[in-house]
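1. Structure of the sequence below:
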Amino acid sequence: MTNESIDSLYEIIKGTAIDVLEITEEAATNFAQLATAQVAGFFLRFDNVPGCLILKNVIFNGKRFIAEWESVSTQSNCPLCGKPSKQEHSRHLYGEMVQDVGIQGFPLWHNINRKKYICTADYCIQKNFMEGFPGFIEKRYSRMTVNLVDQVLNTAVNTSSRAAAKILQEQGAEISRDTIIRIILRRGAKEVEKNFYDNASEVFNVGIDDINLRKGDSSTSCMVIVNLDTGKLLSIVRGTTGETAEQVLAMFPNLEIVSRDRSTAMASAAQALDKTSVADRFHITANMHDAIERTLRETLPKTMYIPVGDSWVCLSSSNESDDIVVANVPYSLTENDVTQRVRMARLSGKAEQTYRNTLRVLELTLQGKFAAEISEIMGIPTEKIRKLRSGMRETIFDVEKKIDELIANPHGSRRKQKSVSISARHSSKSKVEPYRDTVVAMRKEGKGHMAIYNEICKLGFKGSHSTVDNYIIKLERESSIDREIMDKRSVSHDYFGSVPERPSRISVRIYSVKTVYRRVLSKIKEHRYENTEEEPESDNNPSVTPTETRRNNAIPARNRMDLPLELVNVLKWGNTDSAEKNQVAIEVNHEASVEHYMSSIHPVYDYMIQFGVDYHNFMDNSDPTGLLEFIEKYKNDSYWRLAKFANGLQMDIDAVKNTLLHPNISNGLVEGINNIIKSIKRVGGGKAKIDLLTAKMVIRHLTKASRMVGNIIPLQATS
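-> Residues are numbered from 1 along each chain as shown. Below is the predicted model of the structure:
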């Protein structure tokens with residue numbers, strides 16, 4: 001029965017009693033409560049109730065259910081000595097109220113009338129005792145059944161005590177936040193005591209790590225100790241000193257291996273107890289990665305611009321001619337190549353100037369110039385230099401995209417320009433007519449009206465640039481120039497004569513130090529798996545970077561949620577312009593250019609890869625000899641962070657060797673439990689103290705059966 005049906009039944013019985021029996025409202029209320037309880041009693045299921053208890057009555061007072069039980073037992077075990085006794089103390093029954101799991105949002109209480117027995121053991125100091133109900137009630141003075149305690153623990157370990165109280169109250173339990181905390185602490189204390197006393201001899205391998213209960217506050221530092229054989233938390237210990245760790249580890253007489261991080265305090269504790277100390281391979285590898293990343297940050301520029309494509313060349317700065325010098329790292333384009341790209345992209349004068357300035361900024365940036373130095377060389381404000389550099393990738397991409405549009409549709413209409421009236425004067429009457437030869441020659445070269453305007457101004461022209469633009473449009477409309485300029489504004493009939501072949505695609509890759517660091521780790525991973533049969537799928541194709549692999553393997557949003565395509569378009573979940581740009585960039589085989597650039601300009605790139613490969617050679621193969629060779633190779637390295645890492649391995653050589661000898665021992669379990677502790681701390685609003693955190697963590701590893709004390713009695717349904 002649901003709580004709505006119980007309420008409805010209660011109202012129906014009460015109303016019927018008033019109308020039919022013609023009794024007072026108070027009498028009808030009492031009658032409805034008794035009748036509702038009797039009817040609901042047939043639908044109630046009481047779990048774990050011992051067979052010696054007989055249900056006498058069920059009362060519903062409008063707020064709670066009360067089940068009355070009477071004991072018919074003939075014997076009971078003494079709680080002190082455990083000897084069974086059949087001698088009753090008296091025929092009087094002693095009533096106690098015990099709360100159980102709520103029913104449909106209403107509290108359920110058991111009024112248990114139990115017997116008192118006399119202990120017949122001569123050696124027992126317990127003369128008389130109340131009979132117990134193992135599996136139903138945990139101990140003598142418990143006011144909750146085992147099922148309710150279990151429900152409280154299941155709810156409270158995953159949330160804060162205040163939130164758990166609210167949830168349990170909505171389920172029908174009459175409980176407060178303080179009561180929940182007492183239950184957790186009482187049960188957690190039993191488990192911690194069991195870990196350090198009863199089961200201490202069963203602990204052989206432990207993992208130990210430090211954690212701050214409050215982020216960035218070293219005064220809240222604690223140690224987390226985990227049994228690596230069972231994966232269960234033993235306890236959280238306040239403090240991270242070597243003396244504290246030594247005292248805790250001494251509690252386990254059969255302890256053999258201590259897995260730890262690179263902390264010297266943990267190392268000294270294991271050494272003082274003469275235990276095998278194993279340096280966690282995760283922390284060693286993390287230290288190696290940190291040495292690589294910090295070295296890259298100290299060596300590489302903050303942002304790297306890498307030209308990608310076959311058209312990039314290195315122009316000679318010492319020769320005044322247009323000769324091309326092939327260099328190790330190309331960084332510019334020839335003048336003819338730039339002119340052809342401008343014409344094929346149909347750039348305006350302003351766009352052409354931006355494009356050329358962008359290429360010049362790229363060239364000077366690759367030569368190691370700063371923004372202020374580039375500003376002095378080009379005569380452009382520093383802020384504009386930074387703006388050109390930040391939009392470098394998009395500027396070059398837009399030009400390549402316009403060239404693709406031309407190749408795809410060479411006879412398509414050009415972008416609409418300003419038109420002039422048909423009744424306008426003939427071009428021969430324009431004030432630009434004296435400069436006609438210059439205009440036609442520059443138009444054949446693909447120059448825009450602004451470039452032409454600037455040139456003829458040097459020759460004495462006094463008009464505006466719009467006059468030049470109108471003059472050019474008139475020339476192209478008129479057929480008086482021996483059809484050099486056609487009426488049809490088609491590329492194939494423009495000054496090209498025919499559509500030229502598409503120049504090699506170019507682009508610019510912008511790499512941060514973080515991106516280079518990830519690329520180094522990816523290259524190290526490739527070297528690790530290159531000689532194995534089971535290679536990661538992302539490493540099978542060396543021409544695809546990890547970023548592109550993730551992008552290619554991504555599932556479209558419309559496929560993941562199975563939404564109609566129309567709705568996906570409305571929600572803007574499809575491919576964006578940036579995704580389209582990335583797809584075009586992927587078509588360029590940029591891997592060779594990036595590798596060549598990084599290897600030629602920044603030798604530290606290849607050096608870091610080799611450093612990581614050498615590390616994994618001895619770590620993956622569990623080779624102590626390789627460890628010694630690695631230390632000898634890098635302990636005096638010119639990159640001081642690599643040398644520091646190698647010297648750190650030498651200082652902790654015994655623990656690192658044990659890492660190679662015990663590949664199955666690690667602190668992975670400890671790190672996972674650390675994350676759970678932080679989550680529980682956050683869920684509780686950061687107010688849970690160390691004892692409550694420990695209690696919640698040790699309870700999380702218990703099963704429902706192990707949380708119950710005493711023998712488990714089969715479930716029984718009583719009506």
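2. For I506, give me phi and psi.
-> Dihedral pair for I506: phi -130, psi 160, per degrees, to the nearest 10.
3. Grab the nearest non-local neighbour of W69.
-> Closest residue to W69 apart from its sequence neighbours, by C-beta to C-beta, 6 or more residues apart in numbering: L53 at 4.3 Å. For every residue, glycine as well, the C-beta is placed using N, CA and C.
4. And for K523?
-> I609 is the one closest to K523 (C-beta to C-beta, 6+ apart), at 4.8 Å.
5. Run through the stretch 501-650 of the chain and note the low-pLDDT ranges.
-> Applying pLDDT under 70 to the stretch 501-650 of the chain picks out residues 531-562, 572, 574-590.
6. show me where it has helices.
-> 513-529, 546-553, 557-561, 565-570, 577-587, 591-601, 604-620, 624-634, 640-651 (DSSP state H, counting those that start in this stretch).
7. Let's have the ones you listed in a markdown table, adding distance to I665 and mean neighbour count.
-> Formatted as a markdown table, the helices of the stretch 501-650 of the chain follow (distance: least, C-beta to C-beta, whole Å; neighbours: other C-beta atoms under 10 Å):
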| stretch | distance to I665 | mean neighbour count |
| --- | --- | --- |
| helix 513-529 | 21 | 18 |
| helix 546-553 | 30 | 14 |
| helix 557-561 | 39 | 12 |
| helix 565-570 | 49 | 11 |
| helix 577-587 | 43 | 13 |
| helix 591-601 | 37 | 17 |
| helix 604-620 | 14 | 19 |
| helix 624-634 | 16 | 16 |
| helix 640-651 | 18 | 18 |
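8. of those helices, which approaches F60 most closely?
-> Nearest to F60, of all the helices of the stretch 501-650 of the chain, is helix 557-561, at 47.3 Å by C-beta to C-beta.
9. rewinding a little: now that the residue nearest to K523 has come up, it's in contact with V520, right?
-> Yes - look at I609 against V520 with C-beta atoms under 8 Å: they come within range, at 5.6 Å.
10. just to revisit the earlier point, just send the helices of the stretch 501-650 of the chain back as TSV, with distance to F204 too.
-> Putting the helices of the stretch 501-650 of the chain into TSV (distance: least, C-beta to C-beta, whole Å) gives the following:
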stretch	distance to F204
helix 513-529	32
helix 546-553	40
helix 557-561	46
helix 565-570	56
helix 577-587	52
helix 591-601	48
helix 604-620	25
helix 624-634	24
helix 640-651	27
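11. do you know which of those lies nearest R346?
-> By C-beta to C-beta (comparing all of the helices of the stretch 501-650 of the chain), the closest turns out to be helix 577-587, at 18.9 Å.
12. Tell me the residue in the protein that is farthest from the middle.
-> Computed with C-alpha atoms, centre = their mean, the residue of the chain farthest from its C-alpha average is K429, at 70.8 Å.
13. Looks to me like L108 is in a strand.
-> Yes - counting by DSSP: H, G, I helix; E, B strand; the rest coil, L108 is located in a strand.
14. right, and the residue nearest to W69 touches E68 too?
-> No - with contact defined as C-beta under 8 Å, L53 does not count as touching E68 (10.1 Å).
15. which of the two has more neighbours?
-> Neighbour tally, L53 and E68, criterion other C-beta atoms under 10 Å: the higher count belongs to L53, 22 against 16.
16. what's the spacing between the more buried one and I677?
-> As judged by C-beta to C-beta, to the nearest Å, L53 and I677 stand 41 Å apart.
17. ok, the residue nearest to W69 - contacts?
-> By C-beta atoms under 8 Å, 6 or more residues apart in numbering, L53 lies in contact with 69-72, 112, 133.
18. Just the ones of the residues you listed in helices?
-> Among the contacts of L53, none falls in helices (DSSP state H).
19. Tell me the one among the residues you listed nearest to V338.
-> Nearest to V338 out of the contacts of L53 is F133 (C-beta to C-beta; 92.7 Å).
20. neighbours around that closest one, how many?
-> There are 25 residues near F133, going by other C-beta under 10 Å.
21. With pLDDT as added columns, please give the contacts of L53 in TSV.
-> Listed next are the contacts of L53 as TSV, based on pLDDT from 0 to 100:
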residue	pLDDT
W69	91
E70	92
S71	91
V72	91
I112	92
F133	89
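22. Neighbour-wise, give me the winner out of those residues.
-> Counting neighbours by other C-beta under 10 Å, F133 comes out on top of these with 25 neighbours.
23. wouldn't that one be in contact with W69 here?
-> No - counting by C-beta under 8 Å, F133 stays clear of W69, with 9.7 Å between them.
24. Overlap of the contact sets of the two?
-> Applying C-beta under 8 Å, 6+ apart, one finds that F133 and W69 are jointly contacted by 53, 112.
25. measure the residue farthest from the centre of the chain to R182 for me?
-> Counting by C-beta to C-beta - K429 and R182 are separated by 103 Å.
26. Could you look up the SS state of A121?
-> With three-state DSSP as the basis, A121 sits in coil.
27. How about it, nearest residue that isn't a chain neighbour?
-> K83 (4.6 Å).
28. ok now do the one you found, which residues does it touch?
-> By C-beta under 8 Å, 6+ apart, the residues touching K83 are 77, 119-121, 124.
29. again, but for V101
-> Contacts for V101 (C-beta under 8 Å, 6+ apart) come out as 47, 108, 145, 147-148, 151, 171-173.
30. tell me which residues in the helix or strand containing it are buried?
-> Under the criterion of DSSP states H and E, V101 resides in strand 94-103. The neighbour-count check on strand 94-103 (16 or more other C-beta atoms under 10 Å) flags 98-103 as buried.
31. Just the closest of the residues you listed to K275, please.
-> Nearest to K275, judged by C-beta to C-beta, of these is V101 at 46.1 Å.
32. so how far is N57 from the closest one?
-> Noted for V101: a distance of 20 Å to N57, by C-beta to C-beta.
33. Ok, A17 next?
-> Relative to N57, A17 is positioned 20 Å away (C-beta to C-beta).
34. out of the two, which sits in the more crowded spot?
-> Ranked by neighbour count (other C-beta under 10 Å), A17 and N57 place A17 first, with 20 against 14.
35. mind checking which helix or strand the more buried one is in?
-> Going by DSSP H and E, A17 is in helix 3-20.
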